[in-house]
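>>> I'd like to go over a predicted model; first the sequence, then the structure.
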Number of protein chains: 6
Amino acid sequence: MRSSEREVNQLRPIKIETEYTKHPEGSVLISVGETRVICNASIEDRVPPFMRGSGKGWITAEYSMLPRATEQRNIRESSKGKVSGRTMEIQRLIGRSLRAVVDLEKIGERTVWVDCDVIQADGGTRTASITGAFVAVVLAFGKLLDKKAIKEMPITDFLGATSVGVLPDGTEILDLQYEEDSQANVDMNVVMTGAGEFVEIQGTGEEATFTFEQLNTMLELANHGLKEIFEIQKEAIGEWVNQIGSINKQ
Amino acid sequence: MRSSEREVNQLRPIKIETEYTKHPEGSVLISVGETRVICNASIEDRVPPFMRGSGKGWITAEYSMLPRATEQRNIRESSKGKVSGRTMEIQRLIGRSLRAVVDLEKIGERTVWVDCDVIQADGGTRTASITGAFVAVVLAFGKLLDKKAIKEMPITDFLGATSVGVLPDGTEILDLQYEEDSQANVDMNVVMTGAGEFVEIQGTGEEATFTFEQLNTMLELANHGLKEIFEIQKEAIGEWVNQIGSINKQ
Amino acid sequence: MRSSEREVNQLRPIKIETEYTKHPEGSVLISVGETRVICNASIEDRVPPFMRGSGKGWITAEYSMLPRATEQRNIRESSKGKVSGRTMEIQRLIGRSLRAVVDLEKIGERTVWVDCDVIQADGGTRTASITGAFVAVVLAFGKLLDKKAIKEMPITDFLGATSVGVLPDGTEILDLQYEEDSQANVDMNVVMTGAGEFVEIQGTGEEATFTFEQLNTMLELANHGLKEIFEIQKEAIGEWVNQIGSINKQ
Amino acid sequence: MRSSEREVNQLRPIKIETEYTKHPEGSVLISVGETRVICNASIEDRVPPFMRGSGKGWITAEYSMLPRATEQRNIRESSKGKVSGRTMEIQRLIGRSLRAVVDLEKIGERTVWVDCDVIQADGGTRTASITGAFVAVVLAFGKLLDKKAIKEMPITDFLGATSVGVLPDGTEILDLQYEEDSQANVDMNVVMTGAGEFVEIQGTGEEATFTFEQLNTMLELANHGLKEIFEIQKEAIGEWVNQIGSINKQ
Amino acid sequence: MRSSEREVNQLRPIKIETEYTKHPEGSVLISVGETRVICNASIEDRVPPFMRGSGKGWITAEYSMLPRATEQRNIRESSKGKVSGRTMEIQRLIGRSLRAVVDLEKIGERTVWVDCDVIQADGGTRTASITGAFVAVVLAFGKLLDKKAIKEMPITDFLGATSVGVLPDGTEILDLQYEEDSQANVDMNVVMTGAGEFVEIQGTGEEATFTFEQLNTMLELANHGLKEIFEIQKEAIGEWVNQIGSINKQ
Amino acid sequence: MRSSEREVNQLRPIKIETEYTKHPEGSVLISVGETRVICNASIEDRVPPFMRGSGKGWITAEYSMLPRATEQRNIRESSKGKVSGRTMEIQRLIGRSLRAVVDLEKIGERTVWVDCDVIQADGGTRTASITGAFVAVVLAFGKLLDKKAIKEMPITDFLGATSVGVLPDGTEILDLQYEEDSQANVDMNVVMTGAGEFVEIQGTGEEATFTFEQLNTMLELANHGLKEIFEIQKEAIGEWVNQIGSINKQ
């Protein structure tokens, strides 16, 4: 039994609040247990220099934590004058994941800026960011569709993420909260599509290792949890659901 | 009549939500109209090097906006690798203002970090930050009192802030929202104590000037607005109100 | 009586030496007591990107101190790799103040760079910078007039600045030198036009507060001092005086 | 058939040259096909501040490419003044992987700095870095053993890395060279121990996805390749081989 | 007798290996005793902004050391976020020296990037860099000639560099290795052309001085050593030798 | 005949004004023709970490130009966030030169900070800085002697610097002003002691070369000019002259 009194395959309660702030094209507050992240999607009508003239769009993500999102206050990266390696890894992961389900040709020469700002952290901030960002991006494209700036929803499939891990006693568990995360031997983030395919797997055994069998058990837990996550996303997305997945992935 | 349909001396609705996030010693979400700022106060058990051995504490503030708190997305200061002049001015103002009503000797060698993060901006973010930060700081000291880490509330008086300005037609107004702020000839921020004294006045006529008479009218509007603000702060502070102001300012 | 043996409303001796260095379009060495600042105005024949095509010009200011302008040597900001909050505040103040009396439309798409470099500091460096910079800017525009690059003097009025404050014994005083500044309860910088209107007021009571009455006394002292300052500026400006103020401020 | 004329499960020729430069405690030049990386391990007799007094050591890695290691010259990160996200990800991966097979308690309060400098790049630079760094670290510990500074080889098992991927036609392949890497749909880096357990899996389908089946095929290819890699490492390590793996991993 | 058992006018063994890596247009590994430097020359088909439209080319150099090229590990300049004064001095010296023997008009609007990366340091890294870089640049121009991108070899003469110095006992010596360099009273770097003229002399007596006589003895030693260096360069350059020096220097 | 109407071996008029600003221990304004540099020497009662406990002192120099010291305004290095290669070279040269005539053991564990700030530039700013800085340093040590903080003047000899060069017509000249410097084929800076020995020689032929004969002519010109410079320094130093050079250089 987990200290959190959850089953090994049980997610924390997830809540996705849309239109959280008024300025962004898509704005979401996602709560995964006590982890809370604001995910804003902004549409800019141009692409970075290396893509100009390509006719294609771009999606990029930034991630940050409020200094006191965590138990100990962290120094702001703007004060330090540089972005940490951890932050860079996370924002590259978020951007890469979203690009896997967006048809960049269909959005024209536009950039989607996804900002994930963690208000409160209790483990799983990067996976919560991906899950929430997906909804924010769909809603932002919805705005473009409403304005007839694009012709069809450029989303090829659902996208969600969760974490899995192995506790010191060898138990594989789903959706680690901070306390579990800090003692786990293995920590793995899994990003999947609605069709059940992998977009990204990042598994790491800091000062530990894991076997083929453990890997498979963890991936099954992730797959199980993500089915529930896609249902919660569907509710948040509302009217646009029907326009996702009607497009076949190649 | 203002475009906002408010009277010239009418504040926007102000709401102060306490215990907004779980980690900080004091955590507040303040809304002033559509401007929303998370104000977190964190207590650290040491002071910066230049104050070590002084027996006194320190209060410092940091201010930031989410990239899409505004109508146009702003580049993160962490990405730019430096903090803008505007941000520095604001965080120096917040810290200085709070220090005017805190008895630093009474808090011992501790640092209070005040983080003001603007979630949504619609004018007046720096004054909303001061008003909200005051509440967060009182609540954080409340925690210290509860733990008997300090002996008495080290707050000498209430502290609030608001903005006043002059519209192009010469009307002086209270509490400018963004639309008004961007067209005003004069913009002034006023920080006052519960006793009705000034802590800070910053008035500026970018490409315009103002007279003694206009200054006086603006200061009266500010004084009027701040009385209401102190009442709202009192409600948010709750039980600790009686311990503020019982201490005579020297 | 002040420790400086000055009357409460007495300025330090002010001297403005023009054509101080040979390269800048306008070059001034201003001495206010022992405070000495080189104020250079440079004209560049283009504007920053955000103003291109507007037909208007721009004025921007930079401020710096020699490392040993002060009693203790300060580390250079170029060595630290960043400009301090204090420096940013001051250079924003200088630029904003100058823009209030310059008709940017009349200078065409040009940038005026104002460099204020403090050679020796004894309090009031930012106000001395504004007073000296005004003269340097007028002289630089004079050069443009001489070359017939512009048609009329684009200055709408005189501009000067001084400081006022409140000593611990409650006395309000004019033009604080360093020793007074470091012990004053309240420190206020006032920027005014020749017409006696305010351009900027920045009053701050670090760990202290001030009343309406004290504010009014300080503003009267500032007004009194600035009249004298405008006379000294007139002498430094020489032939161009008649072309300032003949233009009515709108 | 791959364009490289290799079998799908065939590694490129790997060569590990030891004592490549004279100053480092362990110095290796690893060639994996045309990819060449200098891996130097340096021992410092202290640990970073956050570990002082713990009695344990630390391993950290840095990764860089010569500007012209690639077909197009890259700007040096020292000239840009910051380390890219890609570089940070790689050096975090190398350090984390090594720590999984080093018993940090056995090395005392020492830091092992691992520097991986890519002389020539042709795909797989991060996995070649890990494979080479492992050898450099063993040799560096060998020096400590020779000097009797430590009592036993603090390495718990072999450590190697390789890449696997999926070509656009769906073929899973082992050890991608640059040309293959740039067209692959899926790219996965696998770090394993001599005992056949995973230390790290990072699989990513930039603008593509992959199935459970593809994942399993790729992991088998990696496992196959790593067996060969461990044999090559053994030869390079020479006399110290017997002291690795005699220690049971917990 | 020198501790290195060399004669006072004896160079260390010099070896120049060409085509060291495959991507650069010119790639050389130069060894001067135990000092080893990779010198890569890259041709870019454009010039920096300040030279556009001039019809002329540009040569610029960058210099770096692997962290463990030296006995003590140095922190990477990319980690420190800035390039040291020493590095800047060296790369300015290398670039300036090469420009003295290249006819920039003959290379058209191209930039030659010269990267000197020290693999192992034992004194004289900057002079070895110049000597090696010259060969790399000739080979890179050879590639352009082969492709008929330029019409003639734009090199006006040979270019080499060496160091000379004065030992504490007053002996002048040629080509200081690290041990000698660190105890010498005077250290001088001399860059010369094949015609025996000076391109650059940098002599410095850190905490010591030197006389006219010592200067002359040192310059004769340098002249002597450089004759040998030019012979070694000729062998490395091979077929292109005849095209250098056929052009008269003006 | 030079365009400046000076003889080939004629210095520009040199003026050294002492006690130029009030705070530094030694403060000098040196004018060499139209080049004007403020040289301030500050004494700090501790040394940098790498010298603590050595019983010896340290001298370090910083160099900067006002943005409009030159004909075109330069961007401040503090705004750029980094110090240029040229600035670093110059400040390293100034510091190294001064250390050659200061007996660091005699100053105890103190640091002398030398700040050379160019107010107006017309060629030769680095050599003027050295010549002026020497005087500032002597005066600063004079203050220490007056306070009996040190026992004897720690200066072993006079130190001065000047430039020499070769005009395009082959004429060697002394003390190049900006116009000459910008067209010269060869530019050489020479730092010498009162005893006529070299401290530093830096000669460079950007896109040109020079012969042994030209080198000797230039060094004679420098020697000639420096004799005059030492006389001007003597006058500026006044009473302390007798205490310099009475100490035999070892």
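That came through fine.
>>> CA atoms for contacts and neighbours, from now on please.
Fine.
>>> how about low-confidence regions in chain A?
A:245-250 (pLDDT under 70).
>>> What strand or helix carries the residue in it positioned nearest to chain E?
Chain A approaches chain E most closely through residue A:82 (9.6 Å), counting by C-alpha to the nearest C-alpha. Per DSSP states H and E, residue A:82 falls between elements, in no helix or strand.
>>> Extract the C-alpha trace of stretch A:37-47 and format it as PDB.
C-alpha atoms of stretch A:37-47 as PDB (Å, rounded to 0.1, in the frame of the first residue of the first chain):
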ATOM      1  CA  VAL A  37       0.100  24.400 -13.300                       C
ATOM      2  CA  ILE A  38      -1.100  27.300 -15.500                       C
ATOM      3  CA  CYS A  39      -0.800  26.300 -19.100                       C
ATOM      4  CA  ASN A  40      -1.200  29.200 -21.600                       C
ATOM      5  CA  ALA A  41      -1.100  28.900 -25.300                       C
ATOM      6  CA  SER A  42      -0.400  32.000 -27.300                       C
ATOM      7  CA  ILE A  43      -0.600  32.300 -31.100                       C
ATOM      8  CA  GLU A  44       2.000  34.600 -32.800                       C
ATOM      9  CA  ASP A  45       1.500  35.300 -36.500                       C
ATOM     10  CA  ARG A  46       5.100  34.500 -37.500                       C
ATOM     11  CA  VAL A  47       7.700  31.700 -37.100                       C
END
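>>> List the buried residues in it.
Using 16 or more other C-alpha atoms under 10 Å in any protein chain shown as the test for burial, stretch A:37-47 gives A:37, A:38, A:39, A:40, A:41, A:42, A:43, A:46, A:47.
>>> Stretch A:173-190 now?
A:173-178, A:180-181, A:184-190.
>>> and these, which of them are in strands?
Residues of the buried residues of stretch A:173-190 located in strands (DSSP state E): A:173, A:174, A:186, A:187, A:188, A:189, A:190.
>>> Chain neighbours aside, what residue packs nearest to the second one?
Okay, so that is residue A:174. residue A:164 (4.5 Å; C-alpha to C-alpha, 6 or more residues apart in numbering or on different chains).
>>> picking that back up, the residue of chain A closest to chain E and residue B:77 touch, don't they?
No. Under the criterion of C-alpha atoms under 8 Å, residue A:82 is not in contact with residue B:77, lying 9.2 Å apart.
>>> between these two, who's got more neighbours?
Just comparing residue A:82 and residue B:77: by other C-alpha atoms under 10 Å in any protein chain shown the higher neighbour count belongs to residue B:77, 22 against 18.
>>> residues in contact with that one?
Residues in contact with residue B:77 (C-alpha atoms under 8 Å, 6 or more residues apart in numbering or on different chains) are A:78, B:83, B:84.
>>> so how far is chain D from the closest residue to chain F within chain A?
Relative to chain F, the nearest point of chain A is residue A:81 (11.2 Å; C-alpha to the nearest C-alpha). From residue A:81 across to chain D, the span is 10 Å (C-alpha to the nearest C-alpha, to the nearest Å).
>>> how many neighbours does that residue have?
Number of residues near residue A:81 (other C-alpha under 10 Å) recorded here: 16.
>>> Next, the buried residues of stretch A:236-246.
Buried, per 16+ other C-alpha under 10 Å, within stretch A:236-246: A:236, A:237, A:240, A:241, A:244, A:245.
>>> biggest helix in chain A, by residue count?
helix A:212-237 (DSSP state H).
>>> which of the residues in it are buried?
Neighbour-count burial for helix A:212-237 flags A:214-215, A:217-227, A:229-230, A:233-234, A:236-237 (criterion: 16+ other C-alpha under 10 Å).
>>> Next: stretch A:100-118.
Going by 16+ other C-alpha under 10 Å, stretch A:100-118 has these buried residues: A:100-104, A:106-118.
>>> Strands - which of these land there?
Members of the buried residues of stretch A:100-118 lying in strands (criterion: DSSP E): A:111, A:112, A:113, A:114, A:115, A:116, A:117, A:118.
>>> Got the phi and psi for the residue nearest to the spatial centre of chain A?
Geometric centre of chain A, nearest residue: residue A:130, 0.7 Å, by C-alpha atoms, centre = their mean. Note on residue A:130: its backbone torsions stand at phi -70, psi -50 [degrees, to the nearest 10].
>>> re the thing from before, who are the neighbours of the helix or strand the residue nearest to residue A:174 falls within, in terms of helices and strands?
Counting by DSSP H and E, the element that carries residue A:164 is strand A:159-166. Using 3 or more C-alpha pairs under 8 Å, 6 or more residues apart in numbering or on different chains; DSSP states H and E as the contact criterion, the elements in contact with strand A:159-166 are helix A:125-146, strand A:172-174, strand A:186-193, helix A:212-237.
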